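Enquirer: Provided below are the primary sequence and the corresponding predicted coordinates.
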Amino acid sequence: MRRGAVIALSALALVAATGELTAQVKNYEAPGNLESMNDIGCAGSAKLQNMYTPADLYRAAELCIRRATYRDAAFLYALAGVYGRYDTLRVADRSAHQAITVLQMQAFGGLPPDRQEAFKRAVQESLGAPANLAAVCKEIQRIGPPAYHPHYMIQHGMGAFTKDASSPKDGLVTPFDAPAAWKRALDSYLHCPGT
């Protein structure tokens, strides 16, 4: 080992031992990042609308899990996943697409293990059997494709901090084929029959 490396390691050991070096970590968050705009509570599918974002839906699913209403939670999870997939197809900033994973971690990461297991069983039951999956897909198609601007996701990406002249002004892909993206979201997320 070179002498300079030994000195640097010794200095780090001294700082670690004395506690003189403190890390300064700043978390920057753009306004609207992962923001839920609608508190829908633990809602069944009949009360859901296509204006609810994945941020709204995952928060509602978490509430349903805490209330042990697992079937409603499973449907909310499925709808949020399809909407999230659709949003990744229309949001131009690829760094923003991780919003869905972060929302899932926020909603489900702090649940007790027994609730997580019960929820997992409900999702498998709701989406694992062909007849149940077909019913979920039919209900999601009845609610329809998202009718909101995916601000929650756009503000999660690096584009919210950098003003790149080549980025679309509204954060969306152009041109965008909405019917094809809706079909792709249903097929690639849930593998809905007949899509």
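Expert: Noted; the coordinates are in hand.
Enquirer: Do a quick rundown of the helices in the protein.
Expert: Assigned by DSSP state H, the chain shows helices spanning 3-18, 54-66, 70-90, 99-108, 113-128, 130-143, 151-154, 178-185.
Enquirer: nearest to T162, of these?
Expert: helix 151-154 (12.6 Å; CB to CB). In short, each C-beta sits where N, CA and C put it, glycine included.
Enquirer: ok, now which ones touch the nearest residue to L111 once chain neighbours are set aside?
Expert: In space, and not counting its chain neighbours, L111 is closest to I65: 6.0 Å by CB to CB, 6 or more residues apart in numbering. I65 sits next to 73, 108, 111, 115, 118-119 when contact means CB atoms under 8 Å, 6 or more residues apart in numbering.
Enquirer: Including mean pLDDT, could the helices of the chain go into a markdown table?
Expert: What follows is the helices of the chain, written out as a markdown table (pLDDT from 0 to 100):
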| stretch | mean pLDDT |
| --- | --- |
| helix 3-18 | 43 |
| helix 54-66 | 97 |
| helix 70-90 | 97 |
| helix 99-108 | 94 |
| helix 113-128 | 96 |
| helix 130-143 | 97 |
| helix 151-154 | 90 |
| helix 178-185 | 97 |
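Enquirer: closest one to D39 among these?
Expert: Counting by CB to CB, D39 lies closest to helix 54-66 out of the helices of the chain; the figure is 7.6 Å.
Enquirer: Give the buried residues for the closest one.
Expert: Neighbour-count burial for helix 54-66 flags 54-65 (criterion: 16 or more other CB atoms under 10 Å).
Enquirer: closest to W182 among those residues?
Expert: For the buried residues of helix 54-66, the nearest to W182 is P54 (14.9 Å; CB to CB).
Enquirer: Report pLDDT for the residue nearest to V102 when sequence neighbours are not counted.
Expert: Computed as CB to CB, 6+ apart, the closest residue to V102 that is not its neighbour in sequence is L34, at 6.3 Å. The model reports L34 with a pLDDT of 72.
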